[in-house]
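1. coordinates for the following, if possible.
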Amino acid sequence: MTHATPHPIQVVAHRGASEDAPEHTLTAYRKAIGDGADALECDIRLTADGHLVLVHDRRVNRTSNGRGAVSALELADLAALDFGSWKDREESPDWDDPERTSVLTLERLLELVSDAGRPVQLAIETKHPTRWAGQVEERLLFLLKRFGLDSPPAEGPYPVRVMSFSARSLHRVRAAAPTIPTVYLMQFIPPRMRGGRLPAGVHIAGPGMRIVRNHPGYIRKLQSAGHSVHVWTVNDPEDVQLCADLGVEAIITNRPRQVLSQLGR
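-> The predicted model follows:
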């Protein structure tokens, strides 16, 4: 039987609907919104000329036809690259569509969400280590303020949260904008946190699915400590069911439409 939760499990589109479209592209995020995702997850990196772009890896080699570190390239350099046709090129006749192939800035994603026509939350991950220590968070908070996302809404849930594997990054965010929710991401359980504690001021745990499978009791410890649990990256139906049984608050997935369907939404 599924563990009871006070609210439906939030379904978060990991890098957009990234199973069906190239990750971090406008097409992937448009599809996620159309599929009904409650929130969009993205990874941000700072370019050499100070723009936040949505690229997961430190280098662009895997997801584009270029080479080099994001931090060493300017936005114009990235805009000249193809970030989409590597995925299912033969099956995608529109692979040359700019919305499917162009690098996406965080600013453009914020515009998309503001024009979505329904509430869509954002889960923004800062990537570390980086040559731009502190500047990533500074630029992020500048953009959130510009879009009116740096303070609590009059009603309803906070529309944005910041995630990171770096406790220092989360500390920077909390110091500058203490009301923005923060999520501590984990690939493994840090020894000092085995009892369910998180870095000071953080109240959302972000364990990887491997932790959930291998240590379901740890999820209960986090919940007993009063923390919410947002799990990544959850694609298999068995994993979705396990997360539901454990009563986690959010599932981050490459397949938002299928997960929503499995959850009866």
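
2. let me know the secondary structure of Glu125.
-> Secondary structure assignment for Glu125 (DSSP: H, G, I helix; E, B strand; the rest coil): strand.

3. I should have written Tyr29 there, sorry.
-> Per three-state DSSP, the local secondary structure of Tyr29 is helix.

4. tell me the pLDDT at the nearest residue to it once chain neighbours are set aside?
-> When the adjacent residues along the chain are set aside, Tyr29 lies closest to Gly16, with 4.3 Å between them (C-beta to C-beta, 6 or more residues apart in numbering). Every C-beta, even on glycine, is put in place using the N, C-alpha and C of the backbone. pLDDT recorded at Gly16 is 98.

5. from Gly226, how far off is Gly16?
-> From Gly16 over to Gly226 the distance is 31 Å, taken as C-beta to C-beta, to the nearest Å.

6. more crowded one of the two?
-> Gly16 (30 against 9; other C-beta atoms under 10 Å).

7. ok, and that one, which helix or strand is that part of?
-> Counting by DSSP states H and E, no helix or strand carries Gly16.

8. what sits against it?
-> For Gly16, the contacting residues are 23-25, 27-29, 31-32, 40, 42, by C-beta atoms under 8 Å, 6 or more residues apart in numbering.

9. show the backbone phi and psi for the residue lying closest to Pro159 once chain neighbours are set aside.
-> Excluding the flanking residues, the one nearest Pro159 by C-beta to C-beta, 6+ apart is Gln121, at 5.3 Å. Main-chain torsions, Gln121, degrees, to the nearest 10: phi -80, psi 170.

10. and what of Gly156?
-> phi 90, psi 180.

11. what about it, distance to Ala28?
-> Taking C-beta to C-beta, one finds Gly156 at 25 Å from Ala28.

12. of these two, who's got more company?
-> For Gly156 and Ala28, the more surrounded residue by other C-beta under 10 Å is Ala28, and the numbers stand at 28 against 9.

13. quick check: the more buried one touching Ser18?
-> Yes: with contact defined as C-beta atoms under 8 Å, Ala28 reaches Ser18; the gap is 5.5 Å.

14. starting at the chain centroid, how far to the lowest-mean-pLDDT helix or strand in the chain?
-> Across the helices and strands of the chain, mean pLDDT, DSSP states H and E gives its lowest value to helix 98-101, namely a mean of 92. In terms of C-alpha atoms, centre = their mean, to the nearest Å, the centre of helix 98-101 is found 20 Å from the chain centre.

15. and if you look at stretch 155-172?
-> Distance, stretch centre to chain centre, for stretch 155-172: 11 Å (C-alpha atoms, centre = their mean).

16. and Val55, backbone torsions?
-> Phi and psi for Val55, reported as degrees, to the nearest 10, are phi -140, psi 130.
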